[in-house]
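*Asks:* Pasted the sequence and its predicted model underneath.
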Amino acid sequence: MHVLSQEKIYTGVLVIGGGLAGLTAALEAKYNNLSVTIVSKGKTGRSGNSIIAGAGLSVLVPDSEDSAELFYNDVIKSGKGINDKQLVKFFVRNSTEEINKLSKYGVIFKKINTHLLKKRPPGHSVPRFIHSDYYNVPYMCRGLSITLPLLSESQKRGIKIVDNTSIIKLLVSPDHRVYGAIGINKKVGKIFIFYANVIILASGGGGKIFSKSNNMSDISSDSYSLAYDAGALLRDMEFTQFYPSMMYKPIRTGIANAIFREGAILRNSLGENFMEKYDKAGNMATRDVMSRAIFTEIVNGRGINGNVFMDCKSISKNVFEVKYIELYENLRKKGIDYKKDLLAISPVYHFFIGGIAINTKAESTLKGLLACGESVGGLHGANRLTGNALSEAVVFGIIAGKSAIKAAKVKNNISYPFDGVEHFRQGKLSNKELKIRLSQAMWHYASILRDRNSLEKAKEEIDLISNFMEDVRINDISELLSFYELKSMLTTSRLVIEGALLRKESRGSHYRLDYPNIDNINFKGNYYFEKVNGRLSIYFKSI
């Protein structure tokens, strides 16, 4: 039997996740000269969804026509009234700070003369969507223009970074305090046992549970399964957001929804401008409505090769070739003329709306565990506005770092034994094949359009794959890590399905074909998910 070597690492603050939320939290915690360690599944600052998120943030820009009240109302409206209102107020009030904070770390924002370049994507009442200047990084990895300056600052401040290490378990004491984590380094084949006074969980979303996703390949819903298995409360897990305008050929890129404000139009295979059939806002509808409309057109045979088309012909050259210069250049290099050619696009999974339940101090329900970024739920309600993902990562990353300073004063001088990791073993089944089977089931039965029958089919697949886990082969480190990813995916998928079955209505990014309307009498509120005595417990709290 192969036995992995072990190494213990002690730190004041352990940040799990090397994206924007994790980097922001680590830098904030380091202000008090604490020992801070970032552990990342990939390379800190160079992996995860932050680098492909488009480098755009929605913020309350000072000296603009915007206001805290207007921004707050837009977030609540998009979330269909079930947002955590305290989180929304905190977010809006503190979003202005992130401009100065990121600028201090070396992030440069796009400007026209001396004013921030602002866009107004669908769902926003005024222009408040700003971009970092990503001229010196690859277009497909525009987020590097934000994460790399933060990574540089982290290195200058002496933050310890442990890359290529997947966290497979949080360590919890008998009095329900998180005091450490178990990680496996895929490069050296070693188990790291981290001991910390406080842990910040910032390891991203759950893209891998759906076969069609614009997420990075390592985003496998670890945040939710780690927190759930440790006993933390989760919320709103039925809400998963889909991105309406993903282009696969001749280039693979998401096309920003802000382009619809400039005059872009969606057309089906018949050439019809179909969006007005689904929403009076037409091509300015929010992402959830647009994704559903496109999916419906494709399912009903009015698409081609799984796509509909974006028509940008009416957008002026001054707008398209200036505001969207990178997209323009990429299309031009492939011989596509936006003034003549239609762009083939389709919806994909994009963002996890639900997640770990936190308060305005980024505290979870477990002592010693903070969380931020896409790991958490509550801010977005039933649907997220464009640009609020990276803004959320910064705002709650900052507060998680500040809260960690206080929480780290509680010393964890404890070291309980843990039950080790899965052994290398022979088996008939492949992790990879089971992952594909799970993600396809989730896409076909539990994605943009749902009903009781489809959700039950997804649940049957989850149960079946869960029963197969005993016979999965683990021959090396790669298969060991893949096994734990599959466990995370199964746990999160089950939470999504159970929540979606209970919510017998359609609200925001959750759409039930058998219950197509909002039901504010029975379902204006939130579902909460918790592991109690080894079993899933779900309860509903009305607003």
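*Replies:* On my side now, so go ahead. Residues are numbered from 1 along each chain as shown.

*Asks:* which residues does residue 508 contact?
*Replies:* Residue 508 is in contact with 78, 79, 80, 82, 239, 288, 353, 381, 382, 383, counting by Cβ atoms under 8 Å, 6 or more residues apart in numbering. To be clear about C-beta, it is placed using only N, CA and C from the backbone, and glycine gets the same treatment.

*Asks:* State the pLDDT value of the closest residue in space to the last one that isn't next to it in sequence.
*Replies:* When the adjacent residues along the chain are set aside, residue 383 lies closest to residue 508, with 3.5 Å between them (Cβ to Cβ, 6 or more residues apart in numbering). Residue 508 is assigned a pLDDT of 92 by the prediction.

*Asks:* distance of residue 508 from residue 158?
*Replies:* Residue 508 is 43 Å from residue 158, where distance means Cβ to Cβ, to the nearest Å.

*Asks:* Show me which helix or strand of this structure is least confident by mean pLDDT.
*Replies:* For the chain, the helix or strand with the lowest mean confidence is strand 253-254, at a mean of 85 (criterion: mean pLDDT, DSSP states H and E).

*Asks:* May I have the strands that pair with that one, each with its orientation?
*Replies:* Its sheet considered, strand 253-254 pairs with strand 240-247 (antiparallel) by DSSP bridges.

*Asks:* how far is the partner strand from where the chain is centred?
*Replies:* In this view, strand 240-247 has its centroid 13 Å away from the chain centroid, taken as Cα atoms, centre = their mean, to the nearest Å.

*Asks:* And for stretch 186-201?
*Replies:* 22 Å.

*Asks:* In space, what's closest to residue 446 - neighbours in sequence excluded?
*Replies:* Spatial nearest neighbour of residue 446, excluding adjacent residues (Cβ to Cβ, 6+ apart): residue 458 at 4.3 Å.

*Asks:* What are the buried residues along whichever strand or helix holds the one you found?
*Replies:* Secondary structure assignment for residue 458, by DSSP states H and E: helix 452-468. The neighbour-count check on helix 452-468 (16 or more other Cβ atoms under 10 Å) flags 454, 455, 458, 459, 461, 462, 465, 466, 468 as buried.

*Asks:* Which single one of those residues is nearest to residue 164?
*Replies:* The nearest member of these to residue 164, counting by Cβ to Cβ, is residue 465 at 27.0 Å.

*Asks:* Test my guess that that closest one contacts residue 436.
*Replies:* No - with contacts counted by Cβ atoms under 8 Å, residue 465 stays clear of residue 436, the gap being 10.6 Å.

*Asks:* And residue 153, how far from residue 333?
*Replies:* Per Cβ to Cβ, residue 153 is found 34 Å from residue 333.

*Asks:* With neighbour numbers in mind, choose between those two.
*Replies:* More neighbours surround residue 153 than the other of residue 153 and residue 333, with 18 against 10 (other Cβ atoms under 10 Å).

*Asks:* Next, the buried residues of stretch 26-42.
*Replies:* Buried residues in stretch 26-42, defined by neighbour count with 16+ other Cβ under 10 Å: 26-30, 32, 34-42.

*Asks:* where does residue 178 land on pLDDT?
*Replies:* Residue 178 is assigned a pLDDT of 96 by the prediction.

*Asks:* got the residue ranges for the helices in the protein?
*Replies:* Using DSSP state H, the helices of the chain run over 20-30, 68-78, 85-104, 144-156, 222-230, 287-299, 317-323, 325-333, 388-407, 431-446, 452-468, 477-502.

*Asks:* Can you point out the buried residues in the longest one?
*Replies:* Pointing back at helix 477-502 there. So, applying 16+ other Cβ under 10 Å, buried residues of helix 477-502: 477, 479-501.

*Asks:* my guess is residue 51 meets residue 141, correct?
*Replies:* Yes - because the distance of 4.7 Å satisfies Cβ under 8 Å, residue 51 is recorded as touching residue 141.

*Asks:* more neighbours, these two?
*Replies:* residue 51 (26 against 17).

*Asks:* can you list the weak-confidence ranges in this structure?
*Replies:* For the chain, residues meeting the criterion pLDDT under 70 lie at 1-3, 413-418.

*Asks:* okay, now the domains of it?
*Replies:* As assigned by automatic domain parsing, the chain contains the domains 5-237+353-407, 240-349, 431-542.

*Asks:* Just name the most buried of those.
*Replies:* Mean neighbour count, computed with mean count of other Cβ atoms under 10 Å, is highest for domain 5-237+353-407 among these, reaching a mean of 22.

*Asks:* Can you give the distance of that one from its chain's centre?
*Replies:* Worked out by Cα atoms, centre = their mean, domain 5-237+353-407 lies 9 Å from the chain centre.

*Asks:* Ok, stretch 351-359 next?
*Replies:* Here stretch 351-359 is found 9 Å from its chain centre; the criterion is Cα atoms, centre = their mean.

*Asks:* So for residue 133, what's the nearest residue that isn't a sequence neighbour?
*Replies:* Spatial nearest neighbour of residue 133, excluding adjacent residues (Cβ to Cβ, 6+ apart): residue 108 at 4.3 Å.

*Asks:* cool, residue 368 as well?
*Replies:* Spatially, and ignoring its direct neighbours in sequence, residue 368 is nearest to residue 178 (4.1 Å; Cβ to Cβ, 6+ apart).

*Asks:* thought that neighbour was touching residue 369?
*Replies:* Yes - Residue 178 is within contact range of residue 369, at 4.3 Å (criterion: Cβ under 8 Å).

*Asks:* Spit out the residues that contact those two alike.
*Replies:* Shared contacts of residue 178 and residue 369 (Cβ under 8 Å, 6+ apart): 170, 199, 230.

*Asks:* would CSV of these with distance to residue 430 be doable?
*Replies:* As requested, those are exported to CSV (distance: Cβ to Cβ, whole Å):
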residue, distance to residue 430
170, 28
199, 32
230, 29
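
*Asks:* Pick the one among the residues you listed closest to residue 22.
*Replies:* Nearest to residue 22 out of the shared contacts of residue 178 and residue 369 is residue 199 (Cβ to Cβ; 11.3 Å).

*Asks:* what about residue 469, distance to residue 489?
*Replies:* Distance, residue 469 to residue 489, using Cβ to Cβ: 11 Å.

*Asks:* so who does the closest residue to residue 206 other than its chain neighbours touch?
*Replies:* Nearest residue to residue 206, sequence neighbours excluded (Cβ to Cβ, 6+ apart): residue 221, at 3.3 Å. Residues near residue 221 by Cβ under 8 Å, 6+ apart: 205, 206, 208, 209, 352, 488, 489, 491, 492, 493.

*Asks:* Residue 283 now?
*Replies:* Counting by Cβ under 8 Å, 6+ apart, residue 283 touches 260, 264, 265, 266, 273, 275, 290.

*Asks:* Quickly list what the fifth one is bridged to.
*Replies:* Judged by DSSP bridges, the bridge partners of residue 273 are residue 267.

*Asks:* what's the distance between it and residue 265?
*Replies:* In this view, residue 273 and residue 265 are 5 Å apart by Cβ to Cβ.

*Asks:* next one: residue 203
*Replies:* Residue 203 sits 38 Å away from residue 265, taking Cβ to Cβ as the criterion.

*Asks:* for residue 40, same thing?
*Replies:* Between residue 40 and residue 265 the distance is 41 Å, computed by Cβ to Cβ.

*Asks:* same thing with residue 28?
*Replies:* Distance of residue 28 to residue 265, computed by Cβ to Cβ: 43 Å.

*Asks:* Residue 450 touches residue 513, doesn't it?
*Replies:* Yes - counting by Cβ under 8 Å, residue 450 touches residue 513, with 6.8 Å between them.

*Asks:* Taking the contacts of residue 221 together, which two end up most distant?
*Replies:* Most distant of the contacts of residue 221, by Cβ to Cβ, are 205 and 491, 14.1 Å apart.

*Asks:* So residue 9 sits against residue 35, correct?
*Replies:* No - using Cβ under 8 Å, residue 9 is not in contact with residue 35; the gap is 10.1 Å.
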